[in-house]
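Visitor: Give the three-dimensional model of this entry:
(2 chains)
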Amino acid sequence: MNPGEPERERPDWGRVAASARFQDLLGRKRRFIVRAFLFFSLYYFCLLLLTAYAPKLIAVRVTGTITLGYWFALSQFVVGGTIAWLYLRAATRFDGLSRDLLAESGKT
Amino acid sequence: MSISLVIFLVFVLSTLGITYWASRRSRGASAYFAAGRTITAWQNGFAVAGDFMSAASFLGVVGLIALQGFDGFLYAIGGFVAFVTILLLIAEPLRNSGKYTLGDVLAYRLRPRPVRAMAAMSTLATILFYMIAQMVGAGALVRLLLADSGISYNVAVAGVGALMVVYVVFGGMLATTWVQIIKAVLLSACALLLAILVLAHFHFHLGALFAAAGQIAYHEQGRWVVRDFLLPGLRYKAPYGSLDLISLGFAFIFGTAGLPHILGKFYTVPDATAARKSVVWAMGLIGSFYVMTSVLGLGAASILGPDYILTHGGTNMSGPLLAEALAGKVFLAWVTAVAFATILAVVAGLTISASTSFAHDFWLNVIHHGRERKLGETVLVARMAALALGAVSIGIAILLGPASNVGILATMGMAVAASANFPVLVLAIYWRRFNTAGAVAGLAVGLLGSLGLILAGPNFMGIDPPGAARMARHLFQAKPWFPLENPGLLSVPLGFLAALAGTLLTAEPAAEAKFNELSVRVHTGLGAEPADLE
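Guide: Have a look, this model is predicted:
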């Protein structure tokens, strides 16, 4: 703490950490984040792996002149965007849960 | 005076105006280092995009797609994908638990002096590599585009360096943020306009563009070839191309989330919710930008052709050359000026991030145990550090000269970020058992391992034929010990393993005991640094 900065009240971390509501929030966040991150990493590395080891497959032209590989590459933007949107929605719920648990544990 | 010089001067004058305005706003450490944490979500989203989209992503990626087709496009995708990692794992915990730097998050429950010293070192290493790449790029751009304006490489490098120092020293994070916002708008508008021109060339028939890109004819080693630019394999060739591609993926998905100048931006918003929304704004901007670069790259390949690009300035000039071919000199001038503004915004971001880490992590918390002897001393040290960094970068960029291969420097920065910074950051936030020895080991092995593998790889080791140009010669004349250009595939796991081993070999009950506190803070924002009151 530097001189000049006001000393802030120290919250009771232990009590919040032990509360059932916090554990519930943690569990929900973990489930969403782990699934979303694993799914998207796999989706991205799938593109790289197919490019590296199945170049014939991604060279197939699916719509006129555009290849399967190009569609798959472009779909990364769509899938990434969808995950971001789903996360924003979930995170709004997490924000609500965390406000509730802070209010309950007496930190105002 | 050329038109691009006029446009660039307008940009410089308006950004200097912003710097003057920012320098007159409230003082204090959090105002200087984090813009008082009052930047809104959309503003920060634009600033992050402006911080991230370097000359390498504008000039470089368009050029890569123009010459290597699909393989080049994979670069662009990597840049976007990385932000999903930042959104899910990094941005909010960082905002909630730290103050200004990566070191803050580590020091929260680990022994502060060793972890901050190591974090500052890997931050400075990452940034220096990035910085030199940008500065040499700026100088080379001038040499190619303003050859008739009388501005030499050295003058351009010194000019870019001086401007970035002015922004950072006088305007701090607030001025840097606004320079980046303006640049993001200019760059996006520029890419959009160029993409529309390319599509107009094909009568707004996307199929026609892809049909043209499916048969690009050019000379390759003296032979006339026709290749399909929608197919992979133009860059990543056997025998190690496949592995190099996967390795590049590692560097992107983890590296961007460990870049200090990107991480620092999440401290400039009022809370974690704003940090989260700003990542999504940045994803929107960066994603649409990269989709447009694929149109530009394939457009340059089919409208200009690789032969024309290589004889008129080389890979990096694909975008500007395309602008000239489609809309003449005035548009070329505009694109050149935007490319310059791009470099300026990125180097300013790098400078503030490095000087913050030096002043806050190293000078204040390692040397002076977290206590300022005089109020405002840390900000003063940061300003001096920015000045010194500017001088050093200008010096190195001039010594290296315009012909040096700078692409590898950006790769080195990204590799260090992925292998050293990212593993310890994630473990510090999510793993209760993690401790000081683990952090120091992870940072040291990640840093040295990634740099060592690059030095032992094909970029630095190789046997040149007699008579090869001096600048193109490999540093070590021997067969490469490590076959890949990108070390990520091996160095990221090495960084994680070292952090794991260091942790499991030692016990640090104090660090584990404080995990609850960190966890509550990370997930609820309780106790997080508040925004300055206006």
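
Visitor: Only C-alpha atoms from now on, for both contacts and neighbour counts.
Guide: Fine.

Visitor: Around chain A, which positions in the stretch 301-450 of chain B sit nearby?
Guide: Contacts of the stretch 301-450 of chain B with chain A, taken as Cα under 8 Å from any Cα of the partner chain, map to B:370-372, B:375.

Visitor: which residues does the residue of chain A found nearest chain B contact?
Guide: Across chain A, no residue is closer to chain B than residue A:52, which sits at 4.5 Å (Cα to the nearest Cα). Applying Cα atoms under 8 Å, 6 or more residues apart in numbering or on different chains, one finds that residue A:52 lies in contact with B:241-243, B:245-246.

Visitor: Closest to chain A out of those?
Guide: Comparing those against chain A with Cα to the nearest Cα picks out residue B:242 as the nearest, at 4.5 Å.

Visitor: what helix or strand does that closest one sit in?
Guide: helix B:241-255 (DSSP states H and E).

Visitor: which residues in chain A form helices?
Guide: Per DSSP state H, chain A carries helices over the ranges A:13-18, A:20-53, A:55-58, A:68-104.

Visitor: Could you measure from the residue of chain A closest to chain B over to residue B:37?
Guide: 44 Å (Cα to Cα, to the nearest Å).

Visitor: got any ranges where chain A has weak pLDDT?
Guide: For chain A, the stretches flagged by pLDDT under 70 are A:1-10, A:106-108.

Visitor: need the contact list for the residue nearest the centre of it.
Guide: Nearest residue to the geometric centre of chain A (Cα atoms, centre = their mean): residue A:33, 4.4 Å. Counting by Cα under 8 Å, 6+ apart, residue A:33 touches B:88-89.

Visitor: The closest residue to residue B:522 other than its chain neighbours is in what secondary structure piece?
Guide: The shortest distance from residue B:522 to any non-neighbouring residue, by Cα to Cα, 6 or more residues apart in numbering or on different chains, is to residue B:93 (4.7 Å). Using DSSP H and E, residue B:93 maps to helix B:91-97.

Visitor: OK, now which residue of the stretch 251-400 of chain B is nearest to chain A?
Guide: Closest point on the stretch 251-400 of chain B to chain A, by Cα to the nearest Cα, is residue B:371, at 5.9 Å.

Visitor: which SS state does that residue fall under?
Guide: Put simply, residue B:371 is coil when judged by DSSP: H, G, I helix; E, B strand; the rest coil.

Visitor: Could you measure from residue B:480 over to chain A?
Guide: According to Cα to the nearest Cα, to the nearest Å, residue B:480 stands 22 Å off from chain A.

Visitor: Do I have it right that residue B:526 meets residue B:520?
Guide: Yes - here residue B:526 lies in contact with residue B:520, judged by Cα atoms under 8 Å, at a distance of 6.8 Å.

Visitor: Throw the helices of chain A into a markdown table and include distance to residue B:29, thanks.
Guide: As requested, the helices of chain A are exported to a markdown table (distance: least, Cα to Cα, whole Å):
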| stretch | distance to residue B:29 |
| --- | --- |
| helix A:13-18 | 27 |
| helix A:20-53 | 33 |
| helix A:55-58 | 53 |
| helix A:68-104 | 29 |
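
Visitor: any low-confidence regions in chain B?
Guide: Within chain B, the stretches with pLDDT under 70 are B:1, B:26, B:144-150, B:238-239, B:403-407, B:468-472, B:534.

Visitor: could you redo the last one with a cut-off of 50?
Guide: Along chain B, the model assigns pLDDT under 50 to no residue.

Visitor: Mind checking what helix or strand follows the helix holding residue B:93 in sequence?
Guide: helix B:102-107.

Visitor: Since that was my last question, I'll sign off now.
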